[in-house]
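S.K.: give me a 3D structure for the following:
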Amino acid sequence: MSDKSDETEKLAASLRKSGIRVTKQRVALMSVLASADDHPDAIELHDRARAIEPSVSLATVYRTLSVLEEGGVVHRHSFDGGGARFETTHDDHHDHILDVDTGEVTEFQSDKIEKLQDEIARELGYEVVHHRLELYCRKIKG
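M.R.: Below you'll find the predicted structure:
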């Protein structure tokens with residue numbers, strides 16, 4: 001089974017667990033989510049899913065995203081200056097750089113940052129259980 005179909009099945013299993021029927025409209029949306037390499041908003045997801053299955057409604061997109069988020073298989077990001085954007089959960093933790101000029105979102109992972117965050121938390125008497133790092137950046141010209 002491919003990574004995309006594995007991811008789609010993980011999303012479908014989350015819907016079934018929540019008692020939500022897995023319809024052809026929801027399969028189209030889950031396929032779009034599983035193959036997205038960006039962080040689309042609900043309207044972008046709706047447009048992409050309709051290209052696969054024209055009967056997908058925006059209400060279905062919002063309801064399905066909500067259930068998938070509650071099931072922990074989709075992350076909702078609310079980056080500054082924009083609406084909610086979505087991505088499937090990854091096995092590996094990652095952070096985000098947002099280009100303030102273009103709105104482009106770049107994922108990255110840094111062992112140095114992870115280690116530093118853990119060290120700071122420990123120095124202050126804490127253990128990191130979850131964090132989200134968003135860097136708002138501008139490309140260096142030159």
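S.K.: how about Arg132, secondary structure?
M.R.: coil (DSSP: H, G, I helix; E, B strand; the rest coil).
S.K.: mind checking how far the helix or strand where Arg76 lies is from the chain centre?
M.R.: Following DSSP states H and E, one finds Arg76 within strand 74-77. Centroid displacement of strand 74-77 relative to its chain, using C-alpha atoms, centre = their mean, to the nearest Å, is 4 Å.
S.K.: average pLDDT for the following helix or strand past it?
M.R.: Following strand 74-77 in sequence order, the next helix or strand is strand 85-88 (DSSP H and E). Taken as a whole, strand 85-88 has a mean pLDDT of 83.
S.K.: can you pull out the helices in the chain?
M.R.: With DSSP state H as the criterion, the chain has helices at 3-17, 24-35, 42-52, 58-70, 111-123.
S.K.: quick check: angle from the third one to helix 58-70?
M.R.: Translated: helix 42-52. Per axes from the mean of the first three to the mean of the last three C-alpha atoms, to 10 degrees, the angle that helix 42-52 makes with helix 58-70 is 110 degrees.
S.K.: average pLDDT across helix 42-52?
M.R.: Helix 42-52 comes out at a mean pLDDT of 93.
S.K.: tell me what it is packed against?
M.R.: helix 24-35, helix 58-70 (3 or more C-beta pairs under 8 Å, 6 or more residues apart in numbering; DSSP states H and E). (Glycine included, C-beta is placed from N, CA and C.)
S.K.: and for Val22, the neighbour number?
M.R.: 17 (other C-beta atoms under 10 Å).
S.K.: err, Glu70, not the other one
M.R.: A count of nearby residues for Glu70, using other C-beta under 10 Å, gives 11.
S.K.: neighbours of the nearest residue to it once chain neighbours are set aside, how many?
M.R.: Closest residue to Glu70 apart from its sequence neighbours, by C-beta to C-beta, 6 or more residues apart in numbering: Ser18 at 7.0 Å. When neighbours are counted by other C-beta under 10 Å, Ser18 registers 12.
S.K.: so what's Ser18 up against?
M.R.: Neighbour list for Ser18: Val67, Glu70, Gly71 [criterion: C-beta atoms under 8 Å, 6 or more residues apart in numbering].
S.K.: just send the residues you listed back as a markdown table, with pLDDT too.
M.R.: Below are the contacts of Ser18 laid out as a markdown table (pLDDT from 0 to 100):
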| residue | pLDDT |
| --- | --- |
| Val67 | 84 |
| Glu70 | 82 |
| Gly71 | 78 |
